[in-house]
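S.K.: below are the sequence and a predicted model for it; my questions follow.
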2 protein chains.
Amino acid sequence: MQAAEQLFRTCRVHEVTLDEIARQADVGKGTIYLYFTDKEDLIFQAAVAGFDEMCLLLRQDVGPDVAFQKALLRTCETISAFFQARRPLFRIILSEGERDMEHGGIGLRQRWRERRKTMTEAMAAIIAQGMKSGEIRADAPAVILAEYLLGMLRTRSWELEDRPDAQRSIAAVVDLFLNGAGLSARSSAQTTSDQHEHR
Amino acid sequence: MQAAEQLFRTCRVHEVTLDEIARQADVGKGTIYLYFTDKEDLIFQAAVAGFDEMCLLLRQDVGPDVAFQKALLRTCETISAFFQARRPLFRIILSEGERDMEHGGIGLRQRWRERRKTMTEAMAAIIAQGMKSGEIRADAPAVILAEYLLGMLRTRSWELEDRPDAQRSIAAVVDLFLNGAGLSARSSAQTTSDQHEHR
DNA sequence: CAAAAATGACTGACCAGTCAGTCATAAATG
DNA sequence: CATTTATGACTGACTGGTCAGTCATTTTTG
């Protein structure tokens, strides 16, 4: 699985052959089929495993007693770190997971959806907490706000990877999410204490 | 190209064979090679053509004299409509355009970057306009804010496609972008006049 | 009827998946 | 303890199917 993830770093998923993966893993091709039923199965398991690692971290990170702003920032940092460190994995997950993973019938796609939901809901839980404490507007479902924030984190890690000025601080992204890009009736008051890095 | 785009609606890019495309287009396979050098070339040209269509619309939509808020909303609507109507095209563009399109050497990827830049800059131009008129915070480059807003639109069209409540109105997304999800020192004042759809 | 355009049967490269065989290690035997 | 036997994890050459790209032939055009 590590070998595969490594290769996905430089090649599109379906461009990587099992022979390459076997060579990279320093293992015979046949061996792979002792542990995975399929090429698809290997890819899927690698993706899910990586994702579960992140979900685990998310759960450790944030107890239910941590203050909203801190929890939000913390979670964003964890997710963002994973987006960047294990980019190929998430690319598989997001683009490959798009269309149904076919043949086995259901199953694969379904299991994948679960994992994705876990991430979204971890974020949504924190946002819901912010709603309760009156720090977040309650006119939209928490899950949807979570999805938008995740989208921004993704943008930061991928679209803006070659703009180090945007990378500087996650706090800046969270600030944008909380306060928006506009200036209407708000004196751009900082809501988090550690927002110094944005110019 | 239309035939190809049609097929991409239901299959992953590399799963579509040229024989299928030829059949769908009601054309002999050889004919395709009279007009495209490559399978890759066909896909790329289809993608770029679709994208150019959108860029054209973007340019028509918004003269330099349109008021900021109106221009922003208008642009978001156009882009969002395209994201949804021609989803497979953008999926190709975004995920396929990720990694270098290889073999031809440079060229393809480069040309693609240009198109993407066009979209981002169309958005960035409007945001810059908002900065000048004092409606947008000027502490981050317009291009980066543009990228985040585009990311939100993408999220709306793709991640949230099965949540019609999030779909309701683009104005709600623009509102989130401008005012943020937080409630700090702001009485959730609506900044656009047509924000009625958000509950 | 010559030139241009279109065609689709054909080819060869490629690759997921298989399976007959290897060999290092463990268990059984005397 | 030396020797034989059993085990199963591992291997990689092979196969069957797939598909991008070609080109000899047919159709259309002017």
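M.R.: Sure, I can see it. Given the structure is predicted, the values throughout are model-derived calculations rather than measurements.

S.K.: number of residues surrounding A:Gly151?
M.R.: Per other C-beta atoms under 10 Å in any protein chain shown, the neighbour tally for A:Gly151 reads 21. C-beta: built from backbone N, CA, C; applies to glycine.

S.K.: hmm, B:Ser157 and it touching each other?
M.R.: No - judged on C-beta atoms under 8 Å, A:Gly151 makes no contact with B:Ser157 at a distance of 10.5 Å.

S.K.: mind checking which helix or strand of chain A has the lowest mean pLDDT?
M.R.: Here the helix or strand of chain A ranked lowest by mean pLDDT, DSSP states H and E is helix A:164-167, holding a mean of 68.

S.K.: ok, then the element right after it?
M.R.: helix A:170-179 (DSSP states H and E).

S.K.: low-scoring pLDDT stretches of chain A, where are they?
M.R.: In the predicted model, chain A carries pLDDT under 70 at residues A:95-109, A:166-168, A:184-199.

S.K.: for A:Val48, give me its contacts.
M.R.: Contact analysis of A:Val48 by C-beta atoms under 8 Å, 6 or more residues apart in numbering or on different chains lists A:111-112, A:115.

S.K.: could you tell me which of these count as buried?
M.R.: A:112, A:115 (16 or more other C-beta atoms under 10 Å in any protein chain shown).

S.K.: quick check, nearest of the contacts of A:Val48 to DNA strand D?
M.R.: A:Trp112 (23.0 Å; C-beta to the nearest atom of the strand).

S.K.: three-state assignment of the closest one?
M.R.: helix (DSSP: H, G, I helix; E, B strand; the rest coil).

S.K.: quick check: A:Thr37 vs B:Gly130, distance?
M.R.: The spacing between A:Thr37 and B:Gly130, counted by C-beta to C-beta, to the nearest Å, is 54 Å.

S.K.: er, A:Ile127 I mean
M.R.: From A:Ile127 over to B:Gly130 (counting by C-beta to C-beta), the distance is 26 Å.

S.K.: those two: which is more packed in?
M.R.: Set side by side, A:Ile127 and B:Gly130 give different neighbour counts by other C-beta under 10 Å, the larger being at A:Ile127 (26 against 23).

S.K.: tell me which of the contacts of A:Val48 is nearest to B:Ile79?
M.R.: A:Trp112 (27.9 Å; C-beta to C-beta).

S.K.: A:Thr120 against A:Leu150, yeah?
M.R.: Yes - in this structure A:Thr120 lies within contact range of A:Leu150 using C-beta under 8 Å: 6.7 Å.

S.K.: could the contacts of A:Val48 go into CSV alongside distance to A:Glu20?
M.R.: Formatted as CSV, the contacts of A:Val48 follow (distance: C-beta to C-beta, whole Å):
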residue, distance to A:Glu20
A:Arg111, 26
A:Trp112, 24
A:Arg115, 26
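
S.K.: wait, does stretch A:22-41 contact chain B?
M.R.: No - Stretch A:22-41 does not reach chain B (C-beta under 8 Å from any C-beta of the partner chain); its nearest approach is 11.9 Å.

S.K.: next one: A:Gly180 from chain B, what distance?
M.R.: 3 Å (C-beta to the nearest C-beta, to the nearest Å).

S.K.: residues contacting that residue?
M.R.: B:176-182.

S.K.: top of those by neighbour count?
M.R.: B:Ala181 (26 neighbours).

S.K.: pretty sure it is in contact with A:Phe177, am I right?
M.R.: Yes - using C-beta under 8 Å, B:Ala181 is in contact with A:Phe177, at 5.7 Å.

S.K.: point me to the residue of chain A nearest DNA strand D.
M.R.: Closest point on chain A to DNA strand D, by C-beta to the nearest atom of the strand, is A:Gly30, at 1.9 Å.

S.K.: tell me, how many residues neighbour that residue?
M.R.: A:Gly30: 8 neighbours (other C-beta under 10 Å).

S.K.: and if you look at A:Thr31?
M.R.: Using other C-beta under 10 Å, the number of residues around A:Thr31 comes to 11.

S.K.: what does chain A put close to DNA strand C?
M.R.: Selection of chain A residues close to DNA strand C by C-beta under 7 Å from any atom of the strand yields A:14-19, A:29-30, A:33, A:38-40.

S.K.: counting contacts, what elements does the host helix or strand of A:Gln129 pack onto?
M.R.: Assigned by DSSP H and E, A:Gln129 falls within helix A:108-132. Applying 3 or more C-beta pairs under 8 Å, 6 or more residues apart in numbering or on different chains; DSSP states H and E, one finds that helix A:108-132 contacts helix A:39-61, helix A:68-85, helix A:142-154.

S.K.: out of these, which one sits most buried?
M.R.: Among those, ranked by average contacts under mean count of other C-beta atoms under 10 Å in any protein chain shown, first place goes to helix A:142-154 (a mean of 22).

S.K.: how far does that helix sit from the chain's center?
M.R.: Helix A:142-154 sits 10 Å away from the centroid of its parent chain (C-alpha atoms, centre = their mean, to the nearest Å).

S.K.: same check, this time on stretch A:34-51
M.R.: Relative to its chain's centre, stretch A:34-51 lies at 18 Å (C-alpha atoms, centre = their mean).

S.K.: using CSV, write out the CA atom coordinates for it.
M.R.: Output in CSV follows, covering the C-alpha atoms of stretch A:34-51 (Å, rounded to 0.1, in the frame of the first residue of the first chain):
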residue,chain,number,x,y,z
LEU,A,34,-2.5,-13.0,-1.7
TYR,A,35,-3.5,-9.9,0.1
PHE,A,36,-5.7,-8.0,-2.3
THR,A,37,-8.4,-9.4,-4.5
ASP,A,38,-8.0,-6.7,-7.1
LYS,A,39,-6.0,-3.8,-8.3
GLU,A,40,-9.1,-1.7,-7.3
ASP,A,41,-9.1,-3.4,-3.9
LEU,A,42,-5.5,-2.4,-3.4
ILE,A,43,-6.1,1.2,-4.3
PHE,A,44,-9.2,1.4,-2.3
GLN,A,45,-7.7,-0.1,0.8
ALA,A,46,-4.7,2.2,0.6
ALA,A,47,-7.0,5.2,0.3
VAL,A,48,-9.2,4.1,3.2
ALA,A,49,-6.3,3.3,5.4
GLY,A,50,-4.8,6.7,4.9
PHE,A,51,-8.1,8.3,5.6
